[in-house]
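Trainee: Here is a sequence together with a model predicted from it:
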Amino acid sequence: MVTQRITWLVVPALLLAGCDVLSGRGGATPPETDAPTGENDTPDPSLPVPVGGARQVSEQTDTFLFDYSYPQEAGEIPALSRWLDARLDDKRQRLAREAARGSADARSNGFPFNSYSSETAWEVVADLPNWLSMSANLSTYEGGAHPNYGFDTIVWDKQSDEAVEPIAFFTSAEALDEALGDRLCEALNAERERRRGIPVDPQSGDSFDTCVMPDETNLLLGSTNGAYFNRIGIQIAPYLAGPYAEGSYEFTFEVDDQIRAIVRPNYAGAFGAQE
């Protein structure tokens, strides 16, 4: 018999303050609202929820644990809320399928089954008049020695009501690599040396010693002034720049003239240029 526990949390806009991870702007932890937790009180995660607040869905069954959340700022934009909810449904359905398959395989082969899991936590990077920049921390477990984790990112165009990939703000991925690649490589190698206790040998041929280009990373557009983008965040998941035990790497760089020069003309205003 499958037992199921689902908790939904919808926080009204007046109760929740956002957080901008690239500007240092933070908010107080919101009070939790009463949410159904009984076994007979299990709403369908695919159903729409009220717009205007944060959303948090937690579901636990005999085969999987699922968590998905996004902040108030996203919930206040109907189209963005639907965009995020669609991904919630896709992730939840995929997890349920894979967990059921994994459980059946374990039972057939007579070995223990460890519950699968999926966690997605969206948060605000920068909330500008025409743009909402967001990042997500991702964690999954589908068997194996440990969970895997990584990142996601999106910038929402409030005027056209559509998602824009951060790399699309620039003339090309190659142009961004040229403008930011050396700075990223220098910062990465300095942090690698700090963590490992030895300098990086660029001639070693080891993939964990090579430079990582900006277009290979999770790219964030941030702001310290709330008016336009003036920071670029870089998140590097495990295994890309080092072994799993070394963890992820995160850096922030100022948007300077070299970077502004490769912004697509139609997005120049988002980086402070005169329209």
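Mentor: Received, thanks.
Trainee: just checking, what's the longest helix in the chain?
Mentor: Secondary structure of the chain per DSSP state H: the longest helix is helix 78-109.
Trainee: quick one: average pLDDT of that helix?
Mentor: Averaging pLDDT along helix 78-109 gives 96.
Trainee: what's P265 in contact with, if anything?
Mentor: By CB atoms under 8 Å, 6 or more residues apart in numbering, the contact list for P265 is empty. From N, CA and C alone the C-beta is placed, and that goes for glycine too.
Trainee: Quick check: it vs F169, distance?
Mentor: 11 Å (CB to CB, to the nearest Å).
Trainee: Over to A175?
Mentor: From A175 to F169 the distance is 11 Å (CB to CB).
Trainee: Which strand or helix spans L221?
Mentor: Using DSSP states H and E, L221 sits within strand 218-222.
Trainee: what lines up beside that strand in the sheet?
Mentor: strand 231-236 (antiparallel) (DSSP bridges).
Trainee: ok, and what's touching the partner strand?
Mentor: Counting by CB under 8 Å, 6+ apart, 21-23, 125-126, 135, 151, 153, 180, 184, 188, 212, 214, 217-224, 248-255, 259 sit against strand 231-236.
Trainee: So which of A175 and F169 has more stuff around it?
Mentor: Comparing A175 with F169 by other CB atoms under 10 Å, the one with more neighbours is F169, at 23 against 16.
Trainee: helix, strand or coil for the closest residue to the more buried one other than its chain neighbours?
Mentor: Using CB to CB, 6 or more residues apart in numbering and skipping residues adjacent in sequence, the residue nearest F169 is Y267, 4.7 Å away. Put simply, Y267 is helix when judged by DSSP: H, G, I helix; E, B strand; the rest coil.
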